[in-house]
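[1] Build me a structure from this.
(chains A, B, C and D)
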2 protein chains.
Amino acid sequence: MPRAGLNQQTVVSEAARLADEVGYEQLTLAALASRLGVALPSLYKHIRGADALNQKLSALATAELATELTTAAAGRAGGDALRAMADAYRAYARRHPGRYPTTQRVPDPSDPEHVEAGERAVGAIFAVLRGYGLTGDDAVDATRALRSALHGFIALEAAGGFGLPREVDRSYHQLVAGLDTAFRSWPARGA
Amino acid sequence: MPRAGLNQQTVVSEAARLADEVGYEQLTLAALASRLGVALPSLYKHIRGADALNQKLSALATAELATELTTAAAGRAGGDALRAMADAYRAYARRHPGRYPTTQRVPDPSDPEHVEAGERAVGAIFAVLRGYGLTGDDAVDATRALRSALHGFIALEAAGGFGLPREVDRSYHQLVAGLDTAFRSWPARGA
DNA sequence: CGCGCCCGGCTAGCGGAGTTAGCTTTGAGG
DNA sequence: CCTCAAAGCTAACTCCGCTAGCCGGGCGCG
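    Residues are numbered from 1 along each chain as shown, chains lettered A, B, ... in the order given. This is a model prediction of the structure:
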């Protein structure tokens, strides 16, 4: 009986693929093991358990998302950058419906790659907001607003909270336009 | 051995209390049964199963939330109404961390009370947006934007995605102010 | 080239969650 | 007072995560 030749890398990336196929909620160690042609307990040689797997998935997805956001914003500024980043954000969530939810997990402080990925993601957002003249506490507030709006939209969309799919694109476009408006005249702190 | 005297009403409302105490993820039929002083399978005399319970919980929470939103907006208009409604929304989510997540479920079409509760909630939002002169498709887009922003913020907050708790209030305040700005000059459709 | 040992696979078995089947018994209404 | 529907129960099954402990493949070193 030849060995499967797994390692943490292959386990996590296959888990990511599986999650995208069957949905985050349906991602199970049993399904993953069977997909990898291995008995369930064998996974424990590579990963500490279900929770650790989700954490690693979060690190992977956060890194991917950070890269896409950075790429989207590169070479653009202001509203252009904002729209490009927002589109990239939603596109990632739609392309990877299983791994996207894991990006909401707070990064594991003991995993340097995870922490770095999280910093890259907010760094990309900060860079765009700097184009609106937002820095310091204002940038913190605006970052939270941007993340809230985009994540909220995607969560509602994924939950089926909206009606006709065709119209959803327009609503997203309007949301981003609204953010642009808000950032242009972001209320002064303490206002 | 005297009967416990349960019915669907008492089961669901106790589930709501339990969910708020232990968290939505930790709400389990086993825990609920033990809380009600009954064996687990007995619950099936009142509820079809775990999924049906969550659906009923959703109906309950949606109705409560709709009432709070309506009350908050009553007698106010424009930015005042928006701020009051946004505060009520977040207050509900914080006061009922277990039942709030269920409000994201799409209403069960076969449960008239659930459907009606959902309509009341978006009706309350529509009424506030009408104060900004938003109607028709614009109101649909703006409603989605508002729900996205508020829900997204609460989701990130609950996930621990923000830092210092003290600052979070300010960020929420700024988010709502940004929404006010956006709604004041909501981009024309087709823009 | 051969041999030892590490490590990645396995089987067995536990506890917890949800669900179903089918029995018993309470207690309200005729 | 007696019937009977409904409300409780026990037992048993499935699926999931996890732990313990065994086994053998194949790499590294003598």
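[2] Only C-alpha atoms from now on, for both contacts and neighbour counts.
    OK.
[3] Give me the buried positions along the helix or strand encompassing residue A:52.
    Following DSSP states H and E, one finds residue A:52 within helix A:50-73. Buried residues in helix A:50-73, defined by neighbour count with 16 or more other CA atoms under 10 Å in any protein chain shown: A:53-66, A:68-70, A:72-73.
[4] restrict those residues to contacts with DNA strand D.
    Of the residues in these, proximity to DNA strand D by CA under 7 Å from any atom of the strand holds for none.
[5] ok, and the closest non-adjacent residue to the residue in chain A that chain B sits nearest to?
    Residue nearest to chain B within chain A: residue A:152 (3.6 Å; CA to the nearest CA). In this structure, residue A:152 finds its nearest non-sequential neighbour in residue B:152, 3.6 Å apart by CA to CA, 6 or more residues apart in numbering or on different chains.
[6] helices and strands around the helix or strand containing that neighbour, which ones?
    Using DSSP H and E, residue B:152 falls within helix B:136-158. Packing contacts for helix B:136-158, counted by 3 or more CA pairs under 8 Å, 6 or more residues apart in numbering or on different chains; DSSP states H and E, involve helix A:136-158, helix A:165-184, helix B:78-95, helix B:112-130, helix B:165-184.
[7] Out of these, indicate the one that is most buried.
    helix A:136-158 (a mean of 21; mean count of other CA atoms under 10 Å in any protein chain shown).
[8] got the angle between that one and helix B:136-158?
    110 degrees (axes from the mean of the first three to the mean of the last three CA atoms, to 10 degrees).
[9] Between the two ends of stretch A:46-55, how far is it?
    For stretch A:46-55, the first-to-last residue distance is 14 Å (CA to CA, to the nearest Å).
[10] ok, back up a step: can you name the residues that contact the residue of chain A closest to chain B?
    B:147, B:148, B:149, B:150, B:151, B:152, B:153, B:155 (CA atoms under 8 Å, 6 or more residues apart in numbering or on different chains).
[11] now, among the residues you listed, which is nearest to residue B:29?
    residue B:155 (24.4 Å; CA to CA).
[12] one step back: quick check: which of the helices and strands packed on helix B:136-158 is nearest to residue A:80?
    helix A:165-184 (9.6 Å).
[13] So what's the gap between the closest one and the chain middle?
    Relative to the centre of its chain, helix A:165-184 is centred 19 Å away, using CA atoms, centre = their mean, to the nearest Å.
[14] What number of residues are in the vicinity of residue A:163?
    9 (other CA atoms under 10 Å in any protein chain shown).
[15] Read off the pLDDT value for the closest residue in space to residue A:7 that isn't next to it in sequence.
    In this structure, residue A:7 finds its nearest non-sequential neighbour in residue A:46, 6.0 Å apart by CA to CA, 6+ apart. We note a pLDDT of 97 for residue A:46 in this prediction.
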